[in-house]
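[1] got a sequence here, can you build the structure:
(one chain, ligands or ions: 3)
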Amino acid sequence: MGAGTGRAGPAGAGAGATGRRGEGMSEVMDLEALNYDLAQEVVPEWWRKLLSCMQCGTCSATCPTAYAMDYTPRQLWQMIRLGLEAEVLTSRTFWLCTVCKSCQVRCPRGIRLTDTMVALKEYAHRQGAEVPELLVTLGETVLQHHNISGDDNKTRLIWSQNLPDPPMGVNPLRRTAEVVYFVGCVSAFYPRAYSIPQALVQVLDRAGVAFTTLGGEELCCGYPLYVAGLGERMAELARHNLERVRGVGAKRVVFSCPSCYYAWSHLYPEMMDVSGLQFQHATEFLAEVLTGGKLPLGPVEMAVTYHDPCDLGRKSGVYDAPREVLRAIPGLELREMESSGVDGMCCGGGGDVEIADREVTVSVAARRLAQVQATGANTVVSACQQCKRTLQEGARKNRIRVRAIDVVELLWLSVQTADQIAEDEQAVGG
Ligand code: SF4
Ligand code: SF4
Ligand code: SF4
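    Ligands and ions are numbered 1, 2, ... in the order given. Below you'll find the predicted structure:
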């Protein structure tokens, strides 16, 4: 179906004179107006399910970015059912989707709504529709440089340069290892996130884990391509990464980036054989390590709240491990926010929305930070470098006095405190 061939919708379905486009759209289903072509083109696997939408509006009510969209998610589904292709393709609704899955887990019809938003981006590319320019640039950068920043990919371990004593596996790399730590682009190339891989490799080393990184041989996992609607182009990156992991004989891959973790555990298996490999987020791996009592933990007297990253929580079902790690730290008080776990609110940093419209990300982060402040804690802990960056930037831009930190950083602080106490005791005793 070519752009612009969608049939005209009911009165009020186009640009409205007031407020959001589409306001005033007919609420009564005119069965004669249904046109299944567009739904079949966009989501061939679940178009029938999409047509079962009962227009309850739950998806729009839960959507963190609906306020900035020209059509709410509910309106968009209706437009697809009516075959309004031109209006759908020129909407910015799906470009502002953070892919948080909040709508998908709540839809009473069980429709794959988040996946439909991603499918719409793919469809827009296929149809040659207008794509936000910076997203086009991002896609080109990842494909050309194999990372999201456009830096020389060989410099992926730059974050490790000022470590006092770089563990083996980072410098030098191990030729063979049971565990590969897949660092991810944000931690590797954005200085504000360096402290996360720095903390993790030191914790792993302290726990006696024989791990390695892939150094400059690690390529972007491809997730940013997927959420930009360019998922079919991530296969080459995925194959390369898998070959390198198999090359060192690893059985486990550990991630500090929930998006990388999601890509490897949910998207890679659709493209290739990943059998024999276990994928774990760093917090899952560390919760296991802590059970074995291999890490000394010292007190960290602080009240914190935990922000569930969407890719780790709702999209991967990992809610307990980060909390277990936090609860293991003596002196740390964990306070839950008004919405947490499966109901956790998105920070605004997902789905490349920061690239499509930075202001939307900053504003969504402010809403999440208000929930942080309501707990009385002035530190929000997450388990994702992108959430940390987003919440930090949101706090700075909105002048909110909240500090963002990663679970792994807090754990390393606790280990260092224990070491310091042991050293002091030895000095006194000796
Ligand atoms: S929540 Fe589901 S049923 Fe309700 S409007 Fe959204 S898509 Fe339709
Ligand atoms: S996935 Fe999240 S951001 Fe996207 S439409 Fe659903 S609720 Fe909104
Ligand atoms: S998903 Fe992970 S590897 Fe991919 S760009 Fe983000 S941080 Fe980098």
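[2] C-alpha from now on. contacts and neighbour counts both.
    Noted.
[3] just the C-alphas of the helix or strand of the chain with the lowest mean pLDDT, formatted as CSV.
    Ranked by mean pLDDT, DSSP states H and E, the weakest helix or strand in the chain is helix 353-356, scoring a mean of 84. Output in CSV follows, covering the C-alpha atoms of helix 353-356 (Å, rounded to 0.1, in the frame of the first residue of the first chain):
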residue,chain,number,x,y,z
VAL,A,353,13.2,9.3,22.2
GLU,A,354,16.1,11.4,23.6
ILE,A,355,17.3,11.6,20.0
ALA,A,356,13.8,12.2,18.5
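[4] which non-adjacent residue is nearest residue 59?
    Closest residue to residue 59 apart from its sequence neighbours, by C-alpha to C-alpha, 6 or more residues apart in numbering: residue 103 at 4.4 Å.
[5] got a pLDDT number for that neighbour?
    Model confidence at residue 103, given as pLDDT, is 98.
[6] rewinding a little: same for the least confident helix or strand of the chain, what does it pack against?
    Packing partners of helix 353-356 (3 or more C-alpha pairs under 8 Å, 6 or more residues apart in numbering; DSSP states H and E): helix 133-145, helix 358-374.
[7] do the shortest one and ligand 3 come into contact?
    Okay, so that is helix 133-145. No. Counting by C-alpha under 6 Å from any ligand atom, ligand 3 has no neighbours in helix 133-145; the shortest distance is 8.1 Å.
[8] show me what that helix is packed against.
    For helix 133-145, the packing partners by 3+ C-alpha pairs under 8 Å, 6+ apart come out as helix 223-227, helix 353-356.
[9] now these as JSON lines including distance to residue 258?
    Shown next, in JSON lines, are the helices and strands packed on helix 133-145 (distance: least, C-alpha to C-alpha, whole Å):
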{"stretch": "helix 223-227", "distance to residue 258": "10"}
{"stretch": "helix 353-356", "distance to residue 258": "17"}
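[10] tabulate the helices and strands packed on helix 353-356 in a markdown table, adding columns for mean pLDDT, distance to residue 396 and mean neighbour count.
    As requested, the helices and strands packed on helix 353-356 are exported to a markdown table (pLDDT from 0 to 100; distance: least, C-alpha to C-alpha, whole Å; neighbours: other C-alpha atoms under 10 Å):
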| stretch | mean pLDDT | distance to residue 396 | mean neighbour count |
| --- | --- | --- | --- |
| helix 133-145 | 93 | 23 | 16 |
| helix 358-374 | 96 | 9 | 20 |
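[11] is the least confident helix or strand of the chain anywhere near ligand 3?
    No. Shown here: helix 353-356 not in contact with ligand 3 (C-alpha under 6 Å from any ligand atom), separated by at least 12.7 Å.
[12] heads up, I number from 11, so please use that
    Done: numbering now begins at 11, and the last item shifts to helix 363-366.
[13] low-confidence ranges in the stretch 311-440 of the chain?
    Scanning the stretch 311-440 of the chain for pLDDT under 70 picks out 440.
[14] how about it: which residue is closest to ligand 1?
    Residue nearest to ligand 1 within the stretch 311-440 of the chain: residue 353 (14.8 Å; C-alpha to the nearest ligand atom).
[15] now swap in the stretch 111-260 of the chain and tell me
    For the stretch 111-260 of the chain, C-alpha to the nearest ligand atom, closest residue to ligand 1: residue 117, 3.7 Å.
[16] which residues touch that residue?
    Neighbour list for residue 117: 68-69 [criterion: C-alpha atoms under 8 Å, 6 or more residues apart in numbering].
[17] from residue 58, how far off is it?
    Separation of residue 117 from residue 58 (C-alpha to C-alpha, to the nearest Å): 15 Å.
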